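Novice: coords below, sequence missing:
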């Protein structure tokens, strides 16, 4: 039994309405401490609004929440780090000074703030730019500086809104490293994205929302279990043999190739077991292909075509 | 509160570190210095001497003009002598007499104005009028040396030689050959003008000086009879345009010469009229110098000291200067606030700030930081003003220093500080709210257009209110919260009623609290908004709902 103290964030039926428009509808959520939690969903799904409500920048229309045990993030703001969706920094300030400034706002003393800023810049390969003004940095570098600014006070809970947007692939990798580094020190991380691959690689749990409503909430494996596993086999003479194996839900002929079939597995069935069972039953296979479904498939499966439209809005 | 201080510190550093800020700060003394020095230098060095020729067909007036030219030059010499004496006076000598400020306190206010920007020449003119013999002495051979010898005992050891000023108005001979074949005495003035036109149009220079001919003065035959005045039939000015003295010049703006010639001739004409009426012109002149003592009294002052002094007059008018300063200071500073807020909003930095501090803390931080910038600016200005006053000599500077002393003793400064504080808080609230509703500086400027018109009112009315400090306009505007600090500053020297003083004090406190409270609401709502600024009704609704939430 997990007690309330083990959650960094708990949302109980929170909603946010702007006039007639509902941005978030009756959302329940619990983010375990020490986890990496991904908020996934198409643009306009309500991710940013949810994040702002967690941070108490926006007040929910109804529902209640606790953040690190407190009723408002403002009460525990020194323990929270935040990177907003749209990135921006004071253009005229030096990189280290920006980081130190935001750390100081979170209660870090001047000396520590300064040394931490330099240390972070060095760790992520930006020490050459520490004394450059923000306006001279490239977009990606500026974004890195901003990420560092949001974690310089060593928060135990970090919220990153679209941390990967606008970064090139190598910097996206750096961003993933930053998140995992943080997580290793026990920091709870919530980040939002509409790119599934990042979430798949680094998240422990995900929240899927579309059109203001929660669609799914759980671990990656749980998410993947939602869609039937399909194994492609070929070299089989008698399909009925296959159907007799436990865990096989249905079999359909694979288009074109004689002896090729798509095998849909029952929920929770292990494809590896199917392979072993085939050996045991003496069914000879010329090929056995199993593709683990990725989050993208899950997303499309759950959200459907509406989301595709929504995500291109 | 700690966060407010961090935000204030950053806000201060950001604004105080810009080049514009320092340029602004340094430009003030530079401009002040230049505005005092440049006209002096131009007057002394750059302004060309004006050469003119005169054809006096009546033969009666050229002597008069020559005499006036001489007087004019002697005045310049005298002025320079006074400056010379001031500049090289033995230290301590000028301080022995009554203090300038003290003198002003005692000197009765006069309606005949002394030009505050150039009091020395004003006093000289008075002196010359009262005592023309003094100038004549100066004009005599050796007169100048005598004056310098007289001054020598009051000067430091071995002062530099006194340099007489240049002659600025010079009457030249008619260029040789220019009027050949013309009977100068009897010719039609048109003919003379035609012959001299190439010189006037700078097509030919004057032979010996190589200078252009600045002007031609013609006094045609019979001009002495073409005079206007009471008892004479008025003429249509269009018909008699070519009667009397003609002044020809391409320069219409420099009127020193034309005024001098006109005055000299008119004085002579008046003198002749006296003679015609069998009056002694010298006696008349003496009579004209006779005046009666005239002084203004203020019944509010203590008995025995009711006389209205120069210092009182300055104090009555000083509030106008303060209103202007108040206006400039508040709006310079508040504009910075607006720009910073819009920048933070358009950069979305505000979101990070909001996750670290409450809207109230952010607002307080910004208010404190920007107020600090404003104070630095004003202190910088005052220090540089003092520095300029200290290191520059000359009558203008002395005048400014005296003015400063008088104002310091007037008790207006603490009021200024008070009204600045409340004015700043009120307008800062207003501008913060505007800033938080706008996404770009451009959008903010649209709001500003309307705001500026409303805000100009104190400037439009400041002279009127100073003249009628208890009138209905003044009383009405006093109670309009946006104008209260300006109007009360405006009325400060006129001892506004206690009710107004205390009433507006309470009003200002309430206004600034209300403005800050309202703008903290709007700020909170506005900063996270994107897209179009909200419509007015929407704004009111959101303020009321946010009130209910609390």
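Specialist: Here it is on my side, so go on. A quick note: this is a predicted structure, and the numbers were derived from the prediction, not measured.

Novice: what residues are bridge-paired with residue B:89?
Specialist: Beta-bridge partners recorded for residue B:89 (DSSP bridges): residue B:155.

Novice: so who does it touch?
Specialist: Neighbouring residues of residue B:89 by C-beta atoms under 8 Å, 6 or more residues apart in numbering or on different chains: B:154, B:155, B:156. Every C-beta, even on glycine, is put in place using the N, C-alpha and C of the backbone.

Novice: how many neighbours does whichever residue of chain B sits closest to chain A have?
Specialist: Closest approach between chain B and chain A, counting by C-beta to the nearest C-beta: residue B:347, at 3.0 Å. Residues within reach of residue B:347, counting by other C-beta atoms under 10 Å in any protein chain shown, total 18.

Novice: which residue, neighbours along the chain excluded, lies closest to it?
Specialist: Leaving aside its sequence neighbours, residue B:347 sits nearest to residue A:88 (C-beta to C-beta, 6 or more residues apart in numbering or on different chains; 3.0 Å).

Novice: the one you found is in what secondary structure piece?
Specialist: Assigned by DSSP states H and E, residue A:88 falls within no helix or strand.

Novice: same check on residue B:475?
Specialist: Assigned by DSSP H and E, residue B:475 belongs to helix B:472-478.

Novice: please identify the buried residues of that helix?
Specialist: B:474, B:475, B:477, B:478 (16 or more other C-beta atoms under 10 Å in any protein chain shown).

Novice: possible to save these as TSV with distance to residue B:193 and pLDDT?
Specialist: As requested, the buried residues of helix B:472-478 are exported to TSV (distance: C-beta to C-beta, whole Å; pLDDT from 0 to 100):
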residue	distance to residue B:193	pLDDT
B:474	57	88
B:475	61	88
B:477	57	90
B:478	62	89
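
Novice: closest to residue A:44 among these?
Specialist: Nearest to residue A:44 among the buried residues of helix B:472-478: residue B:477, at 50.4 Å, using C-beta to C-beta.

Novice: got the contact list for the closest one?
Specialist: By C-beta under 8 Å, 6+ apart, residue B:477 lies in contact with B:457, B:458, B:461, B:465, B:483, B:487.

Novice: select only the buried ones of these in PyMOL?
Specialist: To isolate the buried members of these in PyMOL, using 16+ other C-beta under 10 Å:
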select buried, chain B and resi 458+461+465+483+487
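
Novice: keep only those of the contacts of residue B:477 that are in helices.
Specialist: Using DSSP state H, the subset of these located in helices is B:457, B:458, B:461, B:465, B:487.

Novice: which of the residues you listed sit farthest apart?
Specialist: Across the ones in helices among the contacts of residue B:477 (C-beta to C-beta), the longest gap, 10.6 Å, separates B:457 and B:465.

Novice: name the next helix or strand downstream of the longest strand along chain B, please.
Specialist: Longest strand in chain B by number of residues (criterion: DSSP state E): strand B:50-56. Once strand B:50-56 ends, the next helix or strand along the chain (criterion: DSSP H and E) is helix B:62-87.

Novice: for the closest residue to chain B within the stretch 51-200 of chain A, what are its contacts?
Specialist: Among the residues of the stretch 51-200 of chain A, residue A:88 lies nearest to chain B; the distance is 3.0 Å by C-beta to the nearest C-beta. By C-beta under 8 Å, 6+ apart, the contact list for residue A:88 reads A:146, B:346, B:347, B:348, B:349.

Novice: how about the second one: what's its closest non-neighbour residue?
Specialist: It refers to residue B:346. Closest residue in space to residue B:346, ignoring its immediate chain neighbours: residue B:439 at 5.6 Å, by C-beta to C-beta, 6+ apart.

Novice: still on that earlier bit, distance check, the residue of chain B closest to chain A against residue A:92.
Specialist: Using C-beta to C-beta, to the nearest Å, residue B:347 is found at 11 Å from residue A:92.

Novice: just checking, residue A:17 touches residue A:49?
Specialist: No - using C-beta atoms under 8 Å, residue A:17 makes no contact with residue A:49, being 10.2 Å away.

Novice: more neighbours: these two, which one.
Specialist: Between residue A:17 and residue A:49, counting by other C-beta under 10 Å, residue A:49 is the more crowded of the two (23 against 14).

Novice: pairing partners for the longest strand of chain B, with directions?
Specialist: Strand B:50-56 pairs in its sheet with strand B:169-171 (parallel), strand B:215-219 (parallel), by DSSP bridges.
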